[in-house]
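In: what's the 3D shape of this:
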Amino acid sequence: MKLLRRICLLLGVLLLVYAAWTAFSIWSFSQVTETEKTDAAIVLGAAVHDGEPSPVFQKRIDHAVNLWKEDQVNALLFTGGSAGDKEPAEAEAAAAYAKEQGVEEEHIYMESKSRITEGNLRYAKQVAAAHGLHTFTLVSDPLHMKRAEAIADDLGMDVISSPAGDSAYRTWKTKLPFFLREWFYYTGYQLLSPFRF
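Out: Predicted coordinates for the structure are as follows:
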């Protein structure tokens, strides 16, 4: 029984260490911005309300548009499907918003089938391949970047990270739930990664 208790205690300590490491990894990577010109910014989808990008989504789109205007990316690739029949696909709403900010249609690409981050990137890769796009700048909220880049790496995509610095998640009241959700999803993704792809 003593041996069993020691094994359980050791496993508990290891789990706590792993949980702390993943949390630190997500937080520290959220501060990383890589600057290198790429073929396209892939903007990960977020909610659409009444046909318009949510404030969170707008921040991501604004950041990508600025990258394009500063000649850091050649094109914008918006991702995300529709949450219901009454709303346009996230990618379509993002594209319309970007055009209002001055981005020409020939510099915009979309995938509008996905509903989750992995789908965003998997379908974006297909669209990119069809249009000769090979290098990418990932754009999302800072705390989302660690998991997003891990998925992109597993898909064999050549990506760098550029979080939307002016995230709508500004206070601890809004940041903490998002952080905990990302910690849960990233931990699950890492634990299941040997069985993926």
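
In: hey, let's count contacts and neighbours off CA atoms from now on
Out: Fine.

In: quick one, helices of this structure?
Out: For the chain, applying DSSP state H gives helices covering 2-29, 55-69, 90-100, 117-130, 145-154, 172-192.

In: which strands and helices sit next to the third one?
Out: In other words, helix 90-100. Applying 3 or more Cα pairs under 8 Å, 6 or more residues apart in numbering; DSSP states H and E, we find helix 90-100 packed against strand 52-53, helix 55-69, strand 73-79, strand 108-111.

In: coming back round to it: out of the helices of the chain, the one nearest residue 39 is which?
Out: In terms of Cα to Cα, the element of those nearest to residue 39 is helix 117-130, at 9.2 Å.

In: what does that closest one contact?
Out: Contacts with helix 117-130, where a contact means Cα atoms under 8 Å, 6 or more residues apart in numbering, come from 42, 44-45, 77, 79-80, 109-111, 113-114, 134, 148, 151-152, 155, 157.

In: list buried members of those by neighbour count.
Out: 42, 44-45, 77, 79-80, 109-111, 113-114, 148, 151-152, 157 (16 or more other Cα atoms under 10 Å).

In: out of these, which two sit at the greatest distance?
Out: Among the buried ones among the contacts of helix 117-130, 109 and 151 lie farthest apart (Cα to Cα), at 20.3 Å.

In: the closest residue to residue 99 other than its chain neighbours: neighbour count?
Out: In this structure, residue 99 finds its nearest non-sequential neighbour in residue 105, 6.9 Å apart by Cα to Cα, 6 or more residues apart in numbering. Residues within reach of residue 105, counting by other Cα atoms under 10 Å, total 13.

In: am I right that residue 105 is in contact with residue 98?
Out: No - here residue 105 does not reach residue 98: they are 9.0 Å apart, not a contact under Cα atoms under 8 Å.

In: that's all I had, so thanks and see you.
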